[in-house]
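> mind looking at a prediction? Sequence and model below.
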Amino acid sequence: IQTLLVSLLETAIAGAVLFVAVAYGVQGLNDFLASMPAWVMRGLGAASGMMLAVGLAILTSMIWSNEVGVFFFLGFVMVKFLNLSVVPIAVIGVVIAVTIFLIDKQIIDLSCWWGGGFLRMNKAVLSPKEKEILNSMFWRSHTVFIGFSMVKMEANSFTLTMMPALDEIYKDDPEGKAEALLRHQNFFNTHAVPLSFIAGLAYAMEKQKKETGGIDGTTINSVKVSLMGPTAGMFDSLFFNGLRIIAAGIAIGLNSTGNFLGSLIFILLYGVTQSIVKYFFVNWGYVYGTSFIDQVFSSGLMQALTKA
């Protein structure tokens, strides 16, 4: 009920703003601004000038460390003195991140991952029903921002993604299904791509909970929570701050010459790429199960990925 009320309030506010904008137009807005006292306009002007600095300061305080701090100064030099645009800086950033990850990966002992560990652990042949459920979860995982709210973020979408799995696992246990629905309605927020992996992993854990009782609901929720931060940081950097900027730069360059293929290239590079990765992720999350998470953290690979 709380989520519904917040969503209705957000819709009402957005509708009121849109109505006023359409009803009174630009001239009405100019008249309104002209009628405001000068001190109010000065305050708004000062506040707007501070927003960029405050936002950058908040972001920097969250991700700053001695290891990554030098790259902030490198970016400043590239913009201020080398006059590079956003696209080449994004490309350089991706190259640096991949290089750091590859160097750290060589340091980590990954013998359990290569030649017999990683891609074969807990792997089993999927039944037709499991394939059907995973395919349904894949398509539903594209609804990340449907029902999005500031209270629970992506919880509604995550629950919608999990529905095919929960319907099958708890088909003869309505109470267990109700508990699972409430469990997945807890606050959840990450990048759209790893959401599908976490959903596949949750499917495996829910099935194990029902069949063996080896996992409880608290563990399922704890695993989800522990993955939100690292996956959001990695995939926001990779897709939102890296690939999106590169794809947009290429698309804008083509569109500025009147070539409509620019828009299609952006959709292909940014949208379709994410969808392909989501398809593999939801299957990997289910097939490899919790042993995947154990291997990632115990080997040190998660620290390397987060650092990159």
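In hand now; what should we look at?

> who's in contact with stretch 86-99?
Stretch 86-99 is contacted by residues 71, 75, 78-79, 237-238, 241-243, 245-246, 248-250, 308 when judged by Cβ atoms under 8 Å, 6 or more residues apart in numbering. No exception for glycine: its C-beta is placed from N, CA and C like everyone else's.

> nearest to A204, of the residues you listed?
Nearest to A204 among the contacts of stretch 86-99 is L238, at 24.4 Å by Cβ to Cβ.

> per-residue pLDDT, that closest one?
Looking at L238, its pLDDT reads 79.

> same deal with S136?
The confidence metric pLDDT takes the value 90 at S136.

> same check on E132?
E132 is assigned 90 on the pLDDT scale.

> for my notes, confirm it occurs in a strand.
No. When classified by DSSP: H, G, I helix; E, B strand; the rest coil, E132 is found to be helix rather than part of a strand.

> that one - nearest residue in space that isn't next to it in sequence?
Counting by Cβ to Cβ, 6 or more residues apart in numbering, P164 is the residue found nearest to E132 once chain neighbours are left out, at 7.8 Å.

> what is the neighbour count of I245?
As a burial measure, I245 scores 19 neighbours (other Cβ atoms under 10 Å).

> what average pLDDT does the helix or strand hosting it get?
When elements are defined using DSSP states H and E, I245 is found to belong to helix 244-255. Per-residue pLDDT values across helix 244-255 average out to 82.

> which element follows that helix toward the C-terminus?
Using DSSP H and E, the helix or strand that follows helix 244-255 in sequence is helix 261-266.

> hang on, the earlier thing: of the contacts of stretch 86-99, select the buried ones using a PyMOL command.
Provided next is the PyMOL selection string for whichever of these are buried by 16 or more other Cβ atoms under 10 Å:
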select buried, resi 78+237+238+242+243+245+246+248+249+250+308
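
> state the distance from the residue nearest to E132 to M41.
Using Cβ to Cβ, to the nearest Å, we find P164 at a distance of 54 Å from M41.

> what do you get for Y170?
Using Cβ to Cβ, Y170 is found at 58 Å from M41.

> swap in G176?
59 Å.

> and what of A12?
Spatial separation of A12 from M41 under the definition Cβ to Cβ is 28 Å.

> still on that earlier bit, okay, Y170 and M41: which has more neighbours?
Y170 (19 against 12).

> hang on, the more buried one packs against E211?
No. In terms of Cβ atoms under 8 Å, Y170 does not count as a neighbour of E211; the distance is 11.5 Å.

> mind listing the helices for the stretch 101-250 of the chain?
Remark: helices of the stretch 101-250 of the chain, listed N- to C-terminal, are 128-140, 155-169, 174-183, 192-211, 217-235, 244-255; assignment by DSSP state H, counting those that start in this stretch.

> need those helices in TSV with distance to M50, can you?
Listed next are these as TSV, based on distance: least, Cβ to Cβ, whole Å:
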stretch	distance to M50
helix 128-140	41
helix 155-169	33
helix 174-183	41
helix 192-211	31
helix 217-235	26
helix 244-255	25
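
> any idea which of the ones you listed is most buried?
For these, ranked by mean neighbour count under the definition mean count of other Cβ atoms under 10 Å, the leader is helix 192-211 at a mean of 23.

> T190 reaches A199, doesn't it?
No. In this structure, T190 is not within contact of A199 by Cβ under 8 Å, at 10.5 Å.

> now do the same contact list for the residue nearest to E132.
Taking Cβ under 8 Å, 6+ apart as the criterion, P164 is in contact with 132-133, 136-137, 140.

> so how far is E175 from it?
Going from P164 to E175 by Cβ to Cβ gives 19 Å.

> with T190 instead?
29 Å.

> stretch 99-118 - what's its average pLDDT?
Per-region confidence: stretch 99-118 scores 55 on mean pLDDT.

> before we move on, what about stretch 17-37?
Averaging the model's pLDDT scores along stretch 17-37 yields 78.

> and it, how far from the chain's centre?
On the basis of Cα atoms, centre = their mean, to the nearest Å, stretch 17-37 sits 36 Å off its chain's mean C-alpha point.

> kindly report the same for stretch 153-168.
When C-alpha coordinates are averaged (Cα atoms, centre = their mean), stretch 153-168 and its chain have centres 16 Å apart.

> could you list the alpha-carbon positions for it in PDB?
Written as PDB, here are the backbone C-alpha positions of stretch 153-168 (Å, rounded to 0.1, in the frame of the first residue of the first chain):
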ATOM      1  CA  MET A 153      13.600   0.900  -6.100                       C
ATOM      2  CA  GLU A 154      13.600  -2.200  -8.300                       C
ATOM      3  CA  ALA A 155      11.800  -4.600  -5.900                       C
ATOM      4  CA  ASN A 156       8.600  -4.700  -8.000                       C
ATOM      5  CA  SER A 157      10.600  -5.600 -11.100                       C
ATOM      6  CA  PHE A 158      12.700  -8.200  -9.300                       C
ATOM      7  CA  THR A 159       9.500  -9.900  -8.000                       C
ATOM      8  CA  LEU A 160       7.900  -9.800 -11.400                       C
ATOM      9  CA  THR A 161      11.100 -11.500 -12.800                       C
ATOM     10  CA  MET A 162      11.000 -14.200 -10.100                       C
ATOM     11  CA  MET A 163       7.300 -15.000 -10.600                       C
ATOM     12  CA  PRO A 164       7.700 -17.900 -13.100                       C
ATOM     13  CA  ALA A 165      10.200 -19.600 -10.800                       C
ATOM     14  CA  LEU A 166       8.100 -19.000  -7.700                       C
ATOM     15  CA  ASP A 167       4.900 -20.200  -9.400                       C
ATOM     16  CA  GLU A 168       6.700 -23.500 -10.200                       C
END
